[in-house]
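S.K.: Show me how the following folds:
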Amino acid sequence: MSDLTGILCHVTSEEELVFESVRARVESGDYLDERLGPPGIDTEGGGAFQYAPDGRLQRMYWRGTPEYSEAHAAGLLELLPPLTPASEDEVKEFEAHLGRPLPSLLRRCYLELGDGGFGPAYGLEPLRPILRVLREEHPGWPEAWHPMAKVLLPTCNWGCGITSYVDVSDPANRMWAIDPNPAPQDDFEVSLFPQHFGLTEWLRRWIDGTLHQPWLLQDPKTGDWRGATDAETGAVLEEQY
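M.R.: Numbers count the residues shown, from 1 in each chain. Down below sits the predicted model:
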């Protein structure tokens, strides 16, 4: 076996393992990071809530917090409904506009698991909304970002304007992110930054519970704007919890 064949086999097997892990989570009804507790239970104290159809409050839990872990262990989280996958025609229409195939792992997720609605943060974006964004070439993007407009697919929204993207022109399908919140107004372009892993690891981290919201920061030594490292993100989380 050549070195290249060995590398390809490793990539394929890693993708397969990640896909099957994502499949298992989707089929279990535990496929989003934000989950609701039962109406009228654990409604005291601070936090985020929404009203159930009967008017009672339901607490919202976020994966990765101690409250989520406790509620999950106690069986308090409502199972999410089954998802409807995208059709082969929808995927082919999307790829025709894109001018290239979707990353193989992402393609399987859409065709076999669901047309978005599962995964990190608020879940993978459905194909048709992504297609609208691509057709408009990411409306509102600064001119400096235009070369990336046709190869960065929005994968999920984290809230507060923070979005994850996958670079479909990169053989490793490298992940990118936008975090506009700390970016200076006179240098907004710095809010788009690459991350140090690809799509497969991005989903693996989600399954493992080690994927965190992208975070833009200014390097304390160089003054350059960049994405936070795992260590920097971990230090902030330790302070919070």
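
S.K.: Figure out how far the helix or strand hosting Ala96 is from the centre of its chain.
M.R.: Using DSSP states H and E, Ala96 maps to helix 88-98. Chain-centre distance of helix 88-98: 21 Å, with C-alpha atoms, centre = their mean, to the nearest Å.

S.K.: and it, which residues are buried?
M.R.: Buried residues in helix 88-98, counting neighbours by 16 or more other C-beta atoms under 10 Å, are found at Glu90, Val91, Phe94, Leu98. Using the backbone N, CA and C atoms, a C-beta is placed for each residue, glycine as well.

S.K.: And the contacts of that helix?
M.R.: 101-102, 107, 110-111, 115, 127-128, 130-131, 134-135, 150, 153, 168 (C-beta atoms under 8 Å, 6 or more residues apart in numbering).

S.K.: quick one: which two of the residues you listed are the most distant?
M.R.: Leu111 and Lys150 (22.5 Å; C-beta to C-beta).

S.K.: What is the three-state secondary structure of Ser169?
M.R.: Three-state call for Ser169 (DSSP: H, G, I helix; E, B strand; the rest coil): coil.

S.K.: Can you name the residues that contact it?
M.R.: Counting by C-beta under 8 Å, 6+ apart, Ser169 has contacts Arg100, Val151.

S.K.: now it: how far from Ser28?
M.R.: 34 Å (C-beta to C-beta, to the nearest Å).

S.K.: same thing with Pro220?
M.R.: 42 Å.

S.K.: Neighbour count for the two, which is higher?
M.R.: Neighbour count, other C-beta atoms under 10 Å: between Pro220 and Ser28, Ser28 has more, with 10 against 7.

S.K.: Nearest residue to the more buried one in space, please, no chain neighbours.
M.R.: Leu79 (7.7 Å; C-beta to C-beta, 6 or more residues apart in numbering).

S.K.: Tell me, how many residues neighbour that neighbour?
M.R.: Neighbour tally, Leu79, other C-beta under 10 Å: 10.

S.K.: now do Arg35
M.R.: 22.

S.K.: same question, the one 4 residues further on
M.R.: The number of residues packed near Pro39 is 17, by other C-beta under 10 Å.

S.K.: Check the secondary structure at it for me.
M.R.: coil.

S.K.: Now do it against Arg59, distance only.
M.R.: 9 Å.

S.K.: One more: Val190?
M.R.: Following C-beta to C-beta, the distance that separates Val190 from Arg59 is 37 Å.

S.K.: what's the answer for Pro220, then?
M.R.: From Pro220 to Arg59 the distance is 37 Å (C-beta to C-beta).

S.K.: now swap in Pro139 and tell me
M.R.: 36 Å.

S.K.: Pick out whichever of these two has more residues nearby.
M.R.: More crowded of Pro139 and Arg59, by other C-beta under 10 Å: Arg59, with 23 against 9.

S.K.: Identify the bridge partners of that one.
M.R.: Taking DSSP bridges as the rule, Arg59 bridges to Phe49.

S.K.: Hmm, Leu32 is touching Gly123, no?
M.R.: Yes - with contact defined as C-beta atoms under 8 Å, Leu32 reaches Gly123; the gap is 5.5 Å.

S.K.: what's the distance between Trp145 and Gly75?
M.R.: 45 Å.

S.K.: er, Glu93 actually
M.R.: 41 Å.

S.K.: Check Arg56 too.
M.R.: Distance of Arg56 to Gly75, given as C-beta to C-beta: 18 Å.

S.K.: out of these two, which sits in the more crowded spot?
M.R.: Higher neighbour count among Arg56 and Gly75: Arg56, with 13 against 7, using other C-beta under 10 Å.

S.K.: rewinding a little: which residue in the buried residues of helix 88-98 has the weakest pLDDT?
M.R.: When the buried residues of helix 88-98 are compared by pLDDT, Leu98 scores lowest at 93.
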